[in-house]
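*Asks:* the amino acid sequence is not available; the structure is as follows:
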């Protein structure tokens with residue numbers, strides 16, 4: 001063994017002068033260090049004769065091998081973009097003469113001791129150790145292969161595959177469940193991994209020209225997030241952190257077409273669930289239009305002196321606001337129920353309840369009964385308002401979220417169009433069919449939607465929050481196309497785990513009160529005001545028959561601008577800016593503020609227009625113009641730009657307290673422990689890191 005190590009060290013010394021890049025020599029030495037630890041693991045395994053205590057050296061020797069490989073990974077990040085052909089050839093030959101031989105030997109030795117290991121029931125931890133080394137090997141080799149010139153790449157891939165096949169063979173050989181053991185290793189390794197990350201960053205700082213730092217303006221410095229902005233990272237293994245970084249990079253660079261090819265099923269399921277909103281748009285437009293239907297007036301209105309029938313303004317206001325009141329309570333309940341039982345079950349339950357509540361509307365004998373029906377229908381409608389938006393934001397990547405969340409607004413418009421068409425069709429009908437048929441048509445929707453939602457996948461984000469990681473991986477596969485061979489569902493779920501842990505570091509709970517704690521307070525303020533702006537920017541006057549053509553033209557312009565900006569964009573913003581852990585509850589609070597402002601507007605507007613009250617007429621536009629100006633001012637200073645930001649990146653920006661106007665220009669670096677050029681492992685002092693670097697250099 002000593003002779004072999006001496007030979008390896010001699011060959012490394014001889015190669016030093018040949019390397020064109022000093023960093024290549026560092027990686028070369030890392031390979032030597034990894035191989036030495038693999039040989040120690042093999043020796044400990046060969047010496048094992050059975051028994052629980054005597055197996056300890058095997059388990060212990062996995063750790064230095066893991067650390068040495070992680071160090072190699074960090075050092076490989078500092079390699080030139082393309083390693084010279086001679087350097088690459090030397091590295092490949094070195095790996096071929098060391099790890100490509102010793103790794104398969106170590107695995108074969110472990111497999112030969114499998115009977116003794118199984119006797120003490122520790123095959124699970126051995127499998128976990130091998131799988132950890134496999135993950136380390138893939139991360140390290142991937143970074144080196146990226147920088148390998150094309151002429152050397154085939155040979156490099158062959159050598160890497162030899163090691164990969166051997167490690168996978170070891171994983172397959174030990175069939176025990178590894179969930180508990182891998183979790184144990186992931187809990188033990190973060191502190192060491194963070195030290196390695198910090199060591200890497202100090203090394204990286206040596207490659208940066210620091211002379212220009214004094215000339216950088218404060219504004220320029222503010223465009224990158226530093227350790228001074230963030231106090232912690234989630235305590236997860238580096239495999240999870242690396243996957244989070246990789247998926248973040250992939251999602252932020254993904255085009256719309258790539259997103260559609262990768263997530264076609266997610267688009268379809270999101271469109272299906274959003275169809276629930278069509279029902280609400282249908283009924284909200286229906287109730288206000290039925291006031292003018294003669295059959296409805298005769299059934300529920302009061303007879304006037306001229307023989308006509310009319311529903312009083314008070315009852316019209318009450319019926320219009322009744323659904324909003326029900327939605328307020330339904331929204332609050334949805335935030336609690338959905339987090340406990342999941343999105344699918346909550347949606348199905350709401351559809352079942354709605355089917356029953358429609359009976360009250362269909363068979364209503366009086367205005368109070370109709371009002372109760374509207375209030376009760378508001379409960380499931382509140383569910384649809386929340387979950388359709390959050391589901392769309394959680395099943396799709398960054399590239400698709402703006403389209404599918406704003407599609408929810410389109411569903412409102414579709415519902416209103418259908419309502420207008422139905423009312424046009426029954427306008428000439430006499431008797432109760434003129435108003436009962438529109439209500440009865442709502443029974444068609446729940447039947448098909450319940451069937452479709454029962455088959456839909458659950459939100460993988462919700463499953464991750466519940467700790468159901470394997471289920472989350474299965475649902476991610478159901479949301480994506482199998483034709484995309486480069487898609488990694490495990491890495492995608494690891495990104496969700498990372499984001500969830502990152503948010504738990506700031507706010508551990510997921511209750512309504514947590515929406516007002518820490519950085520969530522700012523996020524809740526932004527999300528709620530974004531939705532309230534839909535009401536505060538004004539609306540179309542319902543009675544414009546006597547308005548001048550100029551006013552009518554301005555109404556058309558207003559409608560176009562609103563439906564191209566404030567109307568649909570709101571849905572994308574409220575879904576993306578809320579914390580994933582309390583997204584449902586934040587959206588609930590936002591929608592309820594919208595409903596409350598809607599009720600206030602419904603009360604104020606008749607007074608503005610009624611000749612017997614304030615009689616403002618068209619001058620009411622000045623009131624809403626002032627309100628709209630205040631909303632524009634708030635938007636400029638408080639509303640951040642989430643375009644092409646993953647949830648983890650948004651978490652970092654909010655935790656760093658980046659001003660809203662700097663969100664778009666701020667650079668959030670990779671999530672593997674770095675932001676800019678500063679280590680996030682702030683719980684370790686610089687002295688600790690330097691000692692770690694010195695120790696690793698000597699090993």
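*Replies:* Alright, I've got the coordinates. Note that the structure is predicted; figures quoted are calculated from it, not measured. Numbers count the residues shown, from 1 in each chain.
*Asks:* how about stretch 365-377: buried residues?
*Replies:* 367, 370, 371, 372, 373, 374, 375, 376, 377 (16 or more other C-beta atoms under 10 Å). Glycine gets a C-beta too; all of them are placed from N, C-alpha and C.
*Asks:* could you report the separation of the nearest residue to residue 429 once chain neighbours are set aside from residue 363?
*Replies:* Nearest in space to residue 429, with sequence neighbours left out and distances taken as C-beta to C-beta, 6 or more residues apart in numbering, is residue 295 at 6.9 Å. According to C-beta to C-beta, to the nearest Å, residue 295 and residue 363 sit 15 Å apart.
*Asks:* which of the two has more neighbours?
*Replies:* Each of residue 295 and residue 363 has its neighbours counted (other C-beta atoms under 10 Å); residue 295 has more, 19 against 12.
*Asks:* you'd agree that one is up against residue 430?
*Replies:* Yes: the pair residue 295 and residue 430 qualifies as a contact (C-beta atoms under 8 Å) at a distance of 6.5 Å.
*Asks:* give the contact list for the residue nearest to residue 429.
*Replies:* Applying C-beta atoms under 8 Å, 6 or more residues apart in numbering to residue 295 gives the contacts 429, 430, 431, 432, 433, 434, 435.
*Asks:* for the closest residue to residue 489 other than its chain neighbours, give me the pLDDT.
*Replies:* Counting by C-beta to C-beta, 6+ apart, residue 489 lies nearest to residue 476, which is 4.4 Å off, once chain neighbours are set aside. Note on residue 476: pLDDT of 92.
*Asks:* isn't there a strand covering residue 476?
*Replies:* No: under DSSP: H, G, I helix; E, B strand; the rest coil, residue 476 falls outside any strand and is assigned helix.
*Asks:* what about it, distance to residue 116?
*Replies:* Residue 476 sits 39 Å away from residue 116, taking C-beta to C-beta as the criterion.
*Asks:* these two: who's more crowded?
*Replies:* For the pair residue 476 and residue 116, the greater number of neighbours falls to residue 476 (23 against 15), based on other C-beta under 10 Å.
*Asks:* residue contacts, that one?
*Replies:* Under the criterion of C-beta under 8 Å, 6+ apart, the contact list for residue 476 reads 460, 489, 492, 493.
*Asks:* and for residue 417?
*Replies:* No contacts exist for residue 417 under C-beta under 8 Å, 6+ apart.
*Asks:* give me the element it is part of.
*Replies:* helix 401-426 (DSSP states H and E).
*Asks:* following that helix in sequence, what is the next regular element?
*Replies:* Next element after helix 401-426 (DSSP H and E): helix 433-440.
*Asks:* chain center to that following helix: distance?
*Replies:* Chain-centre distance of helix 433-440: 42 Å, with C-alpha atoms, centre = their mean, to the nearest Å.
*Asks:* can you give me the buried ones in that helix?
*Replies:* 434, 435, 436, 438, 439.
*Asks:* who are the packing partners of the very next helix or strand once past that helix?
*Replies:* Sequence order places helix 444-455 as the next helix or strand after helix 433-440, per DSSP H and E. On a contact count with 3 or more C-beta pairs under 8 Å, 6 or more residues apart in numbering; DSSP states H and E, helix 444-455 meets helix 264-274, helix 276-290, helix 343-362.
*Asks:* now with 6 Å?
*Replies:* helix 343-362 (3 or more C-beta pairs under 6 Å, 6 or more residues apart in numbering; DSSP states H and E).
*Asks:* give the buried residues for the helix it packs on.
*Replies:* Here helix 343-362 shows 343-344, 346-351, 353-355, 357-358, 360-362 as buried, counting by 16+ other C-beta under 10 Å.
*Asks:* try stretch 455-463
*Replies:* 456, 457, 458, 459, 460, 461, 462, 463.
*Asks:* list the contacts for residue 575?
*Replies:* Neighbour list for residue 575: 389, 393, 405 [criterion: C-beta atoms under 6 Å, 6 or more residues apart in numbering].
*Asks:* would you show me how to pick out the buried ones of these in PyMOL?
*Replies:* Only the buried entries of the contacts of residue 575 go into this PyMOL selection, using 16+ other C-beta under 10 Å:
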select buried, resi 389+393+405
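*Asks:* so residue 331 sits against residue 590, correct?
*Replies:* No: using C-beta atoms under 6 Å, residue 331 is not in contact with residue 590, being 9.3 Å away.
*Asks:* now the buried residues of stretch 365-377 as a markdown table including pLDDT?
*Replies:* What follows is the buried residues of stretch 365-377, written out as a markdown table (pLDDT from 0 to 100):
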| residue | pLDDT |
| --- | --- |
| 367 | 90 |
| 370 | 91 |
| 371 | 92 |
| 372 | 94 |
| 373 | 92 |
| 374 | 90 |
| 375 | 92 |
| 376 | 94 |
| 377 | 91 |
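*Asks:* ok, so of those residues, who is nearest residue 516?
*Replies:* Each of the buried residues of stretch 365-377 was scored against residue 516 by C-beta to C-beta, and residue 375 proved nearest at 27.8 Å.
*Asks:* quick one, phi psi at the residue lying closest to the closest one once chain neighbours are set aside?
*Replies:* Spatial nearest neighbour of residue 375, chain neighbours left out: residue 326 (4.1 Å); criterion: C-beta to C-beta, 6+ apart. Phi and psi for residue 326, reported as degrees, to the nearest 10, are phi -60, psi -40.
*Asks:* next, count neighbours for residue 326.
*Replies:* By other C-beta under 10 Å, neighbour count at residue 326 equals 24.
*Asks:* that one reaches residue 373, doesn't it?
*Replies:* No: at 9.5 Å, residue 326 and residue 373 do not qualify as touching, with contact defined as C-beta under 6 Å.
*Asks:* for residue 243, which residues are in contact?
*Replies:* 491, 494.
*Asks:* if we go to 7 Å?
*Replies:* 491, 494, 495 (C-beta atoms under 7 Å, 6 or more residues apart in numbering).
*Asks:* measure it to residue 448 for me?
*Replies:* For residue 243, the distance to residue 448 - C-beta to C-beta - is 38 Å.
*Asks:* domain map for the protein?
*Replies:* The chain is divided into the following domains under automatic domain parsing: 2-188, 265-456.
*Asks:* lowest-confidence stretch among those domains?
*Replies:* Among the domains of the chain, domain 2-188 scores lowest, at a mean of 76.
*Asks:* can you give me how far that domain is from the chain middle?
*Replies:* Distance, centroid of domain 2-188 to centroid of chain: 34 Å (C-alpha atoms, centre = their mean).
*Asks:* now name the helix or strand holding residue 603.
*Replies:* In the assignment (DSSP H and E), residue 603 maps to helix 583-609.
*Asks:* list of residues touching the following helix or strand past that helix?
*Replies:* Once helix 583-609 ends, the next helix or strand along the chain (criterion: DSSP H and E) is helix 620-638. Helix 620-638 is touched from outside by 526, 529, 533, 536, 537, 538, 608, 609, 660, with contacts defined as C-beta under 7 Å, 6+ apart.
*Asks:* could you count how many residues lie near residue 663?
*Replies:* Neighbourhood size, residue 663 [other C-beta under 10 Å]: 20.
*Asks:* that one contacts residue 644, doesn't it?
*Replies:* No: when contacts are counted by C-beta atoms under 7 Å, residue 663 is not listed as touching residue 644 (11.0 Å).
*Asks:* pretty sure residue 528 sits against residue 593.
*Replies:* Yes: assessed by C-beta under 7 Å, residue 528 is found in contact with residue 593 at 4.5 Å.
*Asks:* between these two, which one's more packed in?
*Replies:* Neighbours per residue, other C-beta under 10 Å: of residue 528 and residue 593, the larger number sits with residue 528, 22 against 19.
*Asks:* SS state for that one?
*Replies:* Residue 528 - assigned by three-state DSSP - is helix.
*Asks:* and it, what does it touch?
*Replies:* Applying C-beta under 7 Å, 6+ apart, the residues contacting residue 528 are 589, 590, 593.
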